[in-house]
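Coordinates for the following, if possible.
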Amino acid sequence: QVQLVESGGGLVQPGGSLRLSCAASGSIFSIGSMAWYRQTPGKQRELVATITSSGSATYADSVKGRFTISRENAKNTEYLQMNSLKPEDTAVYYCNADVMPYSGRIWYHYWGQGTQVTVSS
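Residues are numbered from 1 along each chain as shown. Model prediction:
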């Protein structure tokens, strides 16, 4: 069984910073692309950033220049550094990853449980 566990959410003032982490654990043979999504009530889940296993990153236009996605392959962990936060960044942030477990050489798509980020004065 594979699990993704997020941490690092919280309350921050506009202009502040937060760093989210997402650690994958379990019987993992390989991790492919990883990503961060966010969702607010009544809206669809929105892709924030993605990173390939080789480190190539892409970003939503709304976060370019403010957010940075990264990963530590040795720790099966991805990060989202969020700077210059705005009230409109308030959402539940979810990580996901394409994982190949040892039990079967097939790629599966896993989600974390979500972590709340609130940007407010």
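
Which of the helices or strands spans the closest residue to S53 other than its chain neighbours?
Distances taken as C-beta to C-beta, 6 or more residues apart in numbering place G32 nearest to S53, at 5.5 Å, with adjacent residues excluded. For the C-beta atoms, the positions are set from N, CA and C on the backbone; glycine is no exception. Element membership of G32 [criterion: DSSP states H and E] is strand 28-39.

Quick one: list the elements packing against that strand.
Counting contacts by 3 or more C-beta pairs under 8 Å, 6 or more residues apart in numbering; DSSP states H and E, strand 28-39 is packed against strand 18-26, strand 46-51, strand 67-72, strand 77-82, strand 91-101.

got JSON lines for the ones you listed, with mean pLDDT and distance to E6 too?
Formatted as JSON lines, the helices and strands packed on strand 28-39 follow (pLDDT from 0 to 100; distance: least, C-beta to C-beta, whole Å):
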{"stretch": "strand 18-26", "mean pLDDT": "97", "distance to E6": "5"}
{"stretch": "strand 46-51", "mean pLDDT": "98", "distance to E6": "13"}
{"stretch": "strand 67-72", "mean pLDDT": "98", "distance to E6": "13"}
{"stretch": "strand 77-82", "mean pLDDT": "98", "distance to E6": "9"}
{"stretch": "strand 91-101", "mean pLDDT": "96", "distance to E6": "5"}
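
Those: which one's closest to T40?
strand 91-101 (4.8 Å; C-beta to C-beta).

Check which element follows the closest one along the chain.
On the C-terminal side of strand 91-101, the nearest following helix or strand under DSSP H and E is strand 108-111.

This completes my enquiry, with thanks.
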